[in-house]
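**Q** for reference, the sequence and a predicted model appear below.
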Amino acid sequence: MRETFKDLIKARLPWAVEAYRAIRRKAKSRPVEDVFTGIYHQKGWGQGESVSGSGSSLAWTTKIRAELPKLIADYGVKTLLDAPCGDFNWMSHLHLELDHYTGIDVVAALIEANKLRFTAPNRTFAVGDIIVDPLPRADLIMCRHCFIHLTLDQGVAALRNFKRTGARYVLLTHTPGVAANSEIEFTGSYRPVNMERPPFSFGPALRVLDDTHTPGDTATLALYDLQRFSG
């Protein structure tokens, strides 16, 4: 079973225990932007290869880096909205046949760093909250390792916001072994979600990419028809 965020920092990142406690005390009453900005500045995701956490490392993303270009080609995707984009660590190692890529994140410091390092004629970055802010139109929205850190209501609101863009497809972190989606302890902590169970209730995925790294992990990156979401 995947470790919770709390277990992870206690067992592997003891230096971050106090940061976790501070985040936990404040998270329930703070806006999403403040929660994730606080985690970023307190290094709550760790201090390894990626400031966005081990899930954004090259080792973790070996499988999806091999499969994502194929999915984009097969579904004729020309515009991609990566929301949230984090620090663009693993994505920076991909060559995707896109007309345009847009990376959105609620943490302004991450976006400013991405703009300096990775902006290109067909690649832009912007600060945005996927739950409430207007988002640009894209053929595909990728939302990896995000709903696992949001409340169920926040996840539903984000999907409604995604749907308003008119995008056809959405690529979401999905753990099929979860029988029923539970509420999160607080925004920014962790629990797995099943995108085919309430309150998300997507039908069967159009395609599933293996997004596992550790033994016993069953997480996937699943492609759905966003316009079929009715939550």
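**A** Sure thing, it's come through. Residues are numbered from 1 along each chain as shown.

**Q** how about the helices in the protein?
**A** If DSSP state H is used as the criterion, the helices of the chain fall at 5-11, 17-27, 32-41, 62-74, 108-118, 152-164.

**Q** quick one: the last one to helix 32-41, angle?
**A** So the one you mean is helix 152-164. What separates the directions of helix 152-164 and helix 32-41 is an angle of 110 degrees, with axes from the mean of the first three to the mean of the last three CA atoms, to 10 degrees.

**Q** average pLDDT across helix 152-164?
**A** When the per-residue pLDDT values of helix 152-164 are averaged, the result is 97.

**Q** list the buried residues in it.
**A** Judged by neighbour count using 16 or more other CB atoms under 10 Å, the buried positions of helix 152-164 are 152, 154-159, 161-163. Any C-beta I mention is one placed from the backbone N, CA and C, and that applies to glycine too.

**Q** just checking, what packs against that helix?
**A** Using 3 or more CB pairs under 8 Å, 6 or more residues apart in numbering; DSSP states H and E as the contact criterion, the neighbours of helix 152-164 among helices and strands are strand 140-143.

**Q** partners of the strand it packs on in the sheet?
**A** Neighbouring strands of strand 140-143 in its sheet, by DSSP bridges, are strand 79-82 (parallel), strand 169-174 (parallel).

**Q** show me what that strand is in contact with.
**A** With CB atoms under 8 Å, 6 or more residues apart in numbering as the test, strand 140-143 has contacts from 72, 75, 77, 79-84, 130, 135, 158, 162, 165, 167-173, 221, 226.

**Q** hmm, try it at 7 Å
**A** Residues outside strand 140-143 that contact it (CB atoms under 7 Å, 6 or more residues apart in numbering) are 77, 80-83, 162, 167, 169-172, 226.

**Q** ditto for stretch 145-159
**A** The list of residues contacting stretch 145-159 from outside it, by CB under 7 Å, 6+ apart, reads 55, 84, 130-131, 172-173, 181, 183-184, 187-193, 199-200, 229, 231.

**Q** and these, which are buried?
**A** For the contacts of stretch 145-159, burial is judged from neighbour counts taken by 16+ other CB under 10 Å, and it is met by 55, 84, 130-131, 172-173, 181, 184, 187-193, 200, 229.

**Q** returning to that earlier point: and among the strands paired with strand 140-143, the most buried is which?
**A** Ranked by mean neighbour count under mean count of other CB atoms under 10 Å, the strands paired with strand 140-143 are led by strand 169-174, which reaches a mean of 25.

**Q** specify the angle between it and helix 62-74 in degrees.
**A** Angle of strand 169-174 versus helix 62-74, following the same axes, to 10 degrees, is 160 degrees.

**Q** quick check on residue 214: phi, psi?
**A** Main-chain dihedrals, residue 214, degrees, to the nearest 10: phi -100, psi 150.

**Q** change the start of the numbering to 57 and stick with it
**A** In the new count, where the first residue is 57, that last one comes out as residue 270.
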